[in-house]
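K.L.:
Only the shape, not the letters, is given here:
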């Protein structure tokens, strides 16, 4: 493990996988794949329940049509939920920001900037709620 | 292995925080879509009608309200009484 520390920071040849930029890209891809898998798993579960009655020897035409429509509706539902949740988070952030501003007298420019940066930091806690 | 180098990198730290936050969001959306599908979706049609869409939006909001309610009440009962089990006999 000679020079391992320096390889990490310089991304030298032969240890490209330790380059932080590459790590981040790979992690992003893995996360995206995991999300897609989760989506497909839940979609399959829901659409099977909705569209397939007593399982026959194969999926008949009506079942296939139903599944196709179900997939699209599930995506619509997912997008609707995502938008609604996002709005809720933004509203909460706006309310907290308003409360913060109302509680304080108008400070000079540089102090204002520092306060706002604290709001942005607090934003990190808001995603969970 | 130079573990100090990995965890001390501020760029990676921030990346991890941002991605973790995004994942929490995604996971919640998966969960809420699942739960609200059960509550709001009848037979899947050619499009999402407005009544169903409204149901989904309400469902998401009420789900978050429920989560907050539970957290608040839990905090109250723990502050006021010291143990949750005391409230269970209500």
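P.N.:
Thanks, I have the structure now. No experiment lies behind these values; they were computed from the predicted model shown.
K.L.:
What are the phi and psi values at the residue in chain A sticking out farthest from the centre?
P.N.:
Most distant residue from the mean C-alpha position of chain A: residue A:57, 39.0 Å away (CA atoms, centre = their mean). Backbone geometry at residue A:57, expressed as degrees, to the nearest 10, gives phi -80, psi -20.
K.L.:
I'd like the distance between it and chain B.
P.N.:
24 Å (CB to the nearest CB, to the nearest Å). C-beta: built from backbone N, CA, C; applies to glycine.
K.L.:
now residue A:102
P.N.:
22 Å.
K.L.:
just checking, what packs against the helix ranked longest in chain A?
P.N.:
The residue-count maximum for a helix in chain A (DSSP state H) belongs to helix A:61-103. With contacts defined as 3 or more CB pairs under 8 Å, 6 or more residues apart in numbering or on different chains; DSSP states H and E, the packing partners of helix A:61-103 are helix A:20-51, helix A:109-126, helix B:10-40, helix B:50-81.
K.L.:
Pull out the buried positions in the third one.
P.N.:
Just to be clear, that refers to helix B:10-40. B:12, B:15, B:21, B:25-26, B:28-30, B:32-34, B:36-37, B:40 (16 or more other CB atoms under 10 Å in any protein chain shown).
K.L.:
So which of those residues reach chain A?
P.N.:
B:12, B:15, B:21, B:25-26, B:28-30, B:32-34, B:36-37, B:40 (CB under 8 Å from any CB of the partner chain).
K.L.:
Could you dump those into JSON lines with distance to residue A:85 and pLDDT added?
P.N.:
Converted to JSON lines, these look like this (distance: CB to CB, whole Å; pLDDT from 0 to 100):
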{"residue": "B:12", "distance to residue A:85": "27", "pLDDT": "87"}
{"residue": "B:15", "distance to residue A:85": "23", "pLDDT": "92"}
{"residue": "B:21", "distance to residue A:85": "13", "pLDDT": "94"}
{"residue": "B:25", "distance to residue A:85": "7", "pLDDT": "96"}
{"residue": "B:26", "distance to residue A:85": "10", "pLDDT": "97"}
{"residue": "B:28", "distance to residue A:85": "6", "pLDDT": "96"}
{"residue": "B:29", "distance to residue A:85": "6", "pLDDT": "97"}
{"residue": "B:30", "distance to residue A:85": "11", "pLDDT": "98"}
{"residue": "B:32", "distance to residue A:85": "7", "pLDDT": "97"}
{"residue": "B:33", "distance to residue A:85": "10", "pLDDT": "98"}
{"residue": "B:34", "distance to residue A:85": "13", "pLDDT": "97"}
{"residue": "B:36", "distance to residue A:85": "11", "pLDDT": "98"}
{"residue": "B:37", "distance to residue A:85": "15", "pLDDT": "98"}
{"residue": "B:40", "distance to residue A:85": "15", "pLDDT": "96"}
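K.L.:
Low-confidence bits of the chain, can you list those?
P.N.:
In the absence of a named chain, chain A is used. A:1-17, A:107, A:123-129 (pLDDT under 70).
K.L.:
not quite, I wanted chain B
P.N.:
In chain B (pLDDT under 70), the answer is B:1-7, B:82-90.
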